[in-house]
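Trainee: here is my input, please return the structure:
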Amino acid sequence: MKRIFFDERGHWDRFVAKHGGKLRANVRKEVEKFRRCGDPRNGFKLMVCEGCHDLRLVPYRCKGRFCTTCSCGETKEWARLLEQDVFQVNHRHVVFTIDEGLREIFLLHRAKLLKEFMDEAVRLVKEHFEKKHKVTPGIVAGLHTFGARLNFNPHVHMLVTMGGMKKTGEWKTYDFIPFEMLRKQWQTVVLKLIRRKLSEQEKKQVQSRLQKAYCENGEGFYVHAPKQKGNVKQQLGYIGRYIRRPAIAVSRIEAYDGEKVTFRYRDKNDGEEKTETISVEEFMGRLVRHIPDENFKTIRYYGVYSRRIKSLCKKLVSEWQKAARRWIVKAKRILKRRTWSERIKEQTGKPPCCPKCESYYEYKGEACLEDGKLKVKYAVCSTSKACLERMIRDVAGVKETKGSEEKEKAAKRAA
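Mentor: The predicted model follows:
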């Protein structure tokens, strides 16, 4: 992906020069973070092999929302925490979509519409449980703005508990969602949302599209909620990864010749896997439109999973569990993110090892940017500090002076 955007042909810089006036500020910010991701000039950690003392420089990552490298690891870690944190009951993967003719309206007015688009989809499901069964479900909602071909196609994915909590804390199981009934309600909600949020002048411009979307979808907009099979944790892990996945996986990009990009996608109409070849400019244009606005949360929690009341809900359900002797959740479970070393150990069965002697690496310190210059942030000893200073000079392209060499040798002798 970096090669497509930033190779010697300078596609991204040319794209900005041509379309800069139309680009959102956050798009430029996220793409620039992606450009700098993994560059040691922005900071790094020093790891040293216990056996052969091989030095390893581990650059900081950008943690950006557009970065394919960072988003892959973050998605897996988020899904792992999710499957442990939610109630261990059956969940449904519910999808709310819109008519194809309305997509451009959401693209042009994304700031006005997308947040309430998610809220309204959740409200339909939540109200069904509250009115029909007198329970509050747990819902994790994720907004996708992309289709298989990277086209703009806003839709909401939801992870919904099959059941919910009564006011007394009792958990009631229920395994049916009338998604066919919800389709017509969802259609009405979306059309009303657009009319409510747009100005009179903007409504006049889209009125024909709204009318067409209503007339051509007699059964309402598509809502899907298939039953999930298999282990509950596996369900949660899969759906969690799906909800938080990026617009395109790097594995789907099949070819790049400097001017054209070929990628693979699955056609929803016939279920077949196909390829599409487009110019680099079009490819970048399709991708960057899916970068969310700054501080916009594409994952939100509702009902008993709402961050404000989740702890209280777990406490109430725990009290009910003791009486009913049916265990759904551990209220006092402590969850924490895994370190890079822990993730490597889970994947390979052992911590990160030296390729030369297979000994383990030790953390010795790190350097970070301060006022635009790399400086030693932390070092475990004077030798590590001298080594970090030498690495900073190498990374910055500063030649060593005789005095600095002597200081480093003196630090090693002192250690």
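Trainee: any low-confidence regions in the stretch 301-415 of the chain?
Mentor: When residues are selected by pLDDT under 70, those of the stretch 301-415 of the chain lie in 330-335, 398-415.
Trainee: mind running it again at 80?
Mentor: Counting by pLDDT under 80, the stretch 301-415 of the chain contains low-confidence ranges at 321-352, 397-415.
Trainee: which residues of it fall in helices?
Mentor: When secondary structure is read from DSSP state H, counting those that start in this stretch, the stretch 301-415 of the chain shows helices at 310-324, 340-348, 382-396, 402-414.
Trainee: likewise for the chain?
Mentor: Taking DSSP state H as the test, the helices found in the chain are 2-6, 11-19, 25-36, 68-85, 103-108, 110-132, 179-197, 200-215, 232-243, 280-288, 310-324, 340-348, 382-396, 402-414.
Trainee: nearest to Glu170, out of those?
Mentor: Glu170 lies closest, by C-beta to C-beta, to one member of the helices of the chain: helix 310-324, at 4.9 Å. From N, CA and C alone the C-beta is placed, and that goes for glycine too.
Trainee: mind giving me the packing neighbours of that closest one?
Mentor: Helices and strands touching helix 310-324, as assessed by 3 or more C-beta pairs under 8 Å, 6 or more residues apart in numbering; DSSP states H and E, comprise strand 163-165.
Trainee: other residues contacting the strand it packs on?
Mentor: Counting by C-beta atoms under 8 Å, 6 or more residues apart in numbering, the neighbours of strand 163-165 from elsewhere in the structure are 89-90, 129, 133, 135-138, 171-175, 303-304, 313, 316-317.
Trainee: just stretch 348-364 next, same as before
Mentor: Residues lying outside stretch 348-364 but in contact with it, judged by C-beta under 8 Å, 6+ apart, are 45-52, 54, 56, 340-341, 344-345, 379-381, 384, 387-388.
Trainee: export that stretch as CSV, just CAs?
Mentor: Output for stretch 348-364, consisting of C-alpha atoms alone and laid out as CSV, is shown next (Å, rounded to 0.1, in the frame of the first residue of the first chain):
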residue,chain,number,x,y,z
THR,A,348,4.5,-18.5,17.4
GLY,A,349,4.5,-20.2,20.9
LYS,A,350,7.5,-18.3,22.1
PRO,A,351,8.6,-14.7,22.7
PRO,A,352,10.4,-12.7,19.9
CYS,A,353,13.7,-14.5,19.4
CYS,A,354,17.0,-13.5,17.7
PRO,A,355,17.3,-15.1,14.3
LYS,A,356,21.0,-15.7,14.8
CYS,A,357,21.1,-17.5,18.2
GLU,A,358,17.4,-17.8,19.1
SER,A,359,17.9,-16.1,22.4
TYR,A,360,15.3,-13.6,23.7
TYR,A,361,15.5,-9.8,23.2
GLU,A,362,15.6,-7.4,26.1
TYR,A,363,14.2,-3.9,26.2
LYS,A,364,17.0,-1.4,26.8
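Trainee: now the helices of the chain as TSV including distance to Tyr256?
Mentor: TSV is the format used below for the helices of the chain (distance: least, C-beta to C-beta, whole Å):
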stretch	distance to Tyr256
helix 2-6	5
helix 11-19	10
helix 25-36	16
helix 68-85	14
helix 103-108	26
helix 110-132	29
helix 179-197	37
helix 200-215	36
helix 232-243	26
helix 280-288	8
helix 310-324	44
helix 340-348	28
helix 382-396	29
helix 402-414	43
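Trainee: okay, now the unreliable bits of the chain?
Mentor: Counting by pLDDT under 80, the chain contains low-confidence residues at 72-73, 175, 226-238, 321-352, 397-415.
Trainee: nearest residue to the residue positioned nearest the centre of the chain in space, please, no chain neighbours.
Mentor: With distances taken as C-alpha atoms, centre = their mean, Arg244 lies nearest the centre of the chain, 4.4 Å away. With C-beta to C-beta, 6 or more residues apart in numbering as the criterion, Arg244 has its nearest non-adjacent residue at 4.6 Å, and that residue is Thr75.
Trainee: and the one you found, what does it touch?
Mentor: With contacts taken as C-beta under 8 Å, 6+ apart, Thr75 has the following neighbours: Arg241, Arg244, Arg245, Pro246.
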